[in-house]
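Q: got a sequence here, can you build the structure:
(one chain, ligands or ions: 1)
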Amino acid sequence: MKYLHTDETMEYRPSIRRPRRRAISRFSPPIRLLPLGLAALALSLFVLLLRGCAITREETGVPGALPEDISAVIAVYDDENDRVLSMRLEEYLCGVVAAEMPASFEEEALKAQAVAARTFTLRRLPACGGTPCGRCGADVCTDSTCCQSYRSAEQLASKWGADAAYYSARVEEAVYSTAGEVATYEGALIEALYHSTAGGMTESSENVFASAQPYLVSVESPGEEGSAHYRDSITFPRKSFITMLNAAFPRAELSAKKLEVQVEITARFASGRVKTVRLGKVEVTGRQFRKALDLPSANFTIEFVGEDVRVSTKGYGHGVGMSQYGANAMAKEGSDYRAILQHYYTGINIENWGERLK
Ligand SMILES: [Zn+2]
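A: All right, here's what the predicted structure looks like:
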């Protein structure tokens with residue numbers, strides 16, 4: 001299952017222009033994490049050397065493209081190339097926002113994504129009291145099933161082609177104009193989960209992950225109909241359907257002749273997502289069923305159509321926290337990034353975390 005993100009990877013290439021210091025200082029004071037970040041990085045690099053991990057200084061953009069004082073330095077494990085990169089936080093966030101959300105989205109949606117991605121990242125930095133993901137000793141990794149997607153300058157350049165300058169400027173604006181801003185609940189960084197498309201209603205954390213969080217509760221997510229993932233339909237030949245489910249759940253013992261009576265959705269959550277499905281003599285969760293058939297979401301219906309089984313889904317992703325397509329819909333209706341974040345993360349505040357660390 002995709003843990004955090006949309007599969008619509010859009011790419012990003014840092015532009016050669018310098019960020020506008022005036023714009024940054026107007027929206028938020030620069031963060032002062034650099035000394036702490038450098039100390040943490042030195043320690044991580046020492047640990048990595050001991051562990052034999054490859055360490056690379058990633059040239060993520062034009063040298064000097066970022067003001068020196070707006071960013072902590074973090075260690076990022078590059079999952080594709082099995083190496084650890086050191087880079088400044090806000091630089092890293094540009095690559096995350098570009099990878100996690102289409103850069104054609106509304107600017108306020110991109111800003112909401114930037115704040116969510118920053119919050120998610122800071123929760124993994126020891127300098128902010130967080131717990132690193134720990135892959136090869138790094139703070140975060142580029143594996144979207146563990147942390148967040150990230151695209152390098154080279155990857156983004158080839159993806160965006162002639163539109164690179166336009167898209168990179170939009171992403172930079174979203175990241176730099178919110179520099180240092182994070183989402184907090186009762187003063188602590190939130191676990192800023194997000195996903196592509198909620199299918200009209202997000203899901204409460206405890207129905208997907210182990211723990212409940214007061215700010216990760218089910219809310220409406222209107223206006224997502226424009227998402228390519230709002231509705232989907234997957235048709236399985238009966239044989240494939242049975243083979244896949246019997247492989248995932250051997251005790252189900254599904255058979256072609258009895259399939260209609262063996263398969264039944266037995267409970268749903270209030271959001272519409274499936275809570276439990278009966279498969280023969282076993283009952284599995286909607287999440288387990290989704291994983292076994294690699295469905296876009298756990299909000300599904302099952303129909304038997306001749307020799308086929310049709311599974312129709314609503315939404316894409318786990319459904320917890322911010323819906324990216326919902327955020328874009330809110331932005332189109334005039335909501336700013338703060339209103340978007342406060343809609344999807346119940347009861348949170350937007351704070352400048354850099355100020356707290358001065
Ligand atoms: Zn990770």
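
Q: would you map the strands across the stretch 51-200 of the chain?
A: 55-57, 73-78, 83-88, 140-141, 181-185, 188-189, 194-195 (DSSP state E, counting those that start in this stretch).

Q: out of these, which comes closest to residue 226?
A: strand 194-195 (16.2 Å; Cβ to Cβ). Yep, even glycine has a C-beta here, placed from its N, CA and C like the rest.

Q: can you count the residues close to the residue of the stretch 251-358 of the chain found nearest the ion?
A: Closest residue of the stretch 251-358 of the chain to the ion, Cβ to the ion: residue 318 (16.2 Å). Counted by other Cβ atoms under 10 Å, the residues lying close to residue 318 total 27.

Q: any stretches of this structure with poor pLDDT?
A: For the chain, the stretches flagged by pLDDT under 70 are 1-71, 354-358.

Q: can you list the domains in it?
A: Domain assignment for the chain by automatic domain parsing gives 21-224+318-356, 231-314.

Q: tell me which of the ones you listed is the most buried.
A: Mean neighbours per residue, mean count of other Cβ atoms under 10 Å, is largest over the domains of the chain for domain 21-224+318-356, with a mean of 21.

Q: what does the stretch 51-200 of the chain have sitting close to the ion?
A: Within the stretch 51-200 of the chain, the residues that sit near the ion (Cβ under 5 Å from the ion) are 133, 141, 146-147.

Q: as a markdown table, the residues you listed with distance to residue 218 would be great.
A: A markdown table is the format used below for these (distance: Cβ to Cβ, whole Å):
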| residue | distance to residue 218 |
| --- | --- |
| 133 | 27 |
| 141 | 29 |
| 146 | 25 |
| 147 | 24 |
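
Q: restricted to helices, list those.
A: Residues of these located in helices (DSSP state H): none.

Q: just curious, which of those residues is nearest to residue 251?
A: Using Cβ to Cβ, residue 146 comes nearest to residue 251 of those, at 30.0 Å.

Q: which SS class is the residue nearest to residue 108 when sequence neighbours are not counted?
A: In space, and not counting its chain neighbours, residue 108 is closest to residue 331: 4.0 Å by Cβ to Cβ, 6 or more residues apart in numbering. Three-state assignment for residue 331 (DSSP: H, G, I helix; E, B strand; the rest coil): helix.

Q: which residues are in contact with residue 331?
A: Neighbouring residues of residue 331 by Cβ atoms under 8 Å, 6 or more residues apart in numbering: 105-109, 112, 337, 340.

Q: next one: residue 93
A: So residue 93 contacts 114, 117-118, 121, 175 (Cβ under 8 Å, 6+ apart).

Q: okay if I get these as JSON lines plus distance to residue 206?
A: Putting those into JSON lines (distance: Cβ to Cβ, whole Å) gives the following:
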{"residue": "114", "distance to residue 206": "27"}
{"residue": "117", "distance to residue 206": "23"}
{"residue": "118", "distance to residue 206": "25"}
{"residue": "121", "distance to residue 206": "24"}
{"residue": "175", "distance to residue 206": "31"}
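
Q: now the two most distant members of these.
A: 121 and 175 (11.5 Å).

Q: now do the helices in this structure.
A: 21-27, 34-51, 89-100, 107-122, 153-160, 164-176, 238-248, 259-262, 286-293, 324-332, 337-344, 353-356.

Q: take these and write them to TSV, including distance to residue 314.
A: Below are these laid out as TSV (distance: least, Cβ to Cβ, whole Å):
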stretch	distance to residue 314
helix 21-27	36
helix 34-51	41
helix 89-100	21
helix 107-122	21
helix 153-160	28
helix 164-176	28
helix 238-248	20
helix 259-262	23
helix 286-293	12
helix 324-332	12
helix 337-344	17
helix 353-356	35
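
Q: of all these, which lies closest to residue 187?
A: helix 353-356 (8.9 Å).

Q: OK, contacts around the residue nearest to residue 274 when sequence neighbours are not counted?
A: Nearest residue to residue 274, sequence neighbours excluded (Cβ to Cβ, 6+ apart): residue 286, at 3.1 Å. By Cβ under 8 Å, 6+ apart, residue 286 lies in contact with 268, 273-277, 298, 300.

Q: and if you look at residue 333?
A: Applying Cβ under 8 Å, 6+ apart to residue 333 gives the contacts residue 223.

Q: any idea how far it is from residue 201?
A: Residue 333 sits 18 Å away from residue 201, going by Cβ to Cβ, to the nearest Å.

Q: returning to that earlier point: and which of the contacts of residue 331 is nearest the ion?
A: Closest approach between the contacts of residue 331 and the ion, by Cβ to the ion: residue 112, at 22.0 Å.
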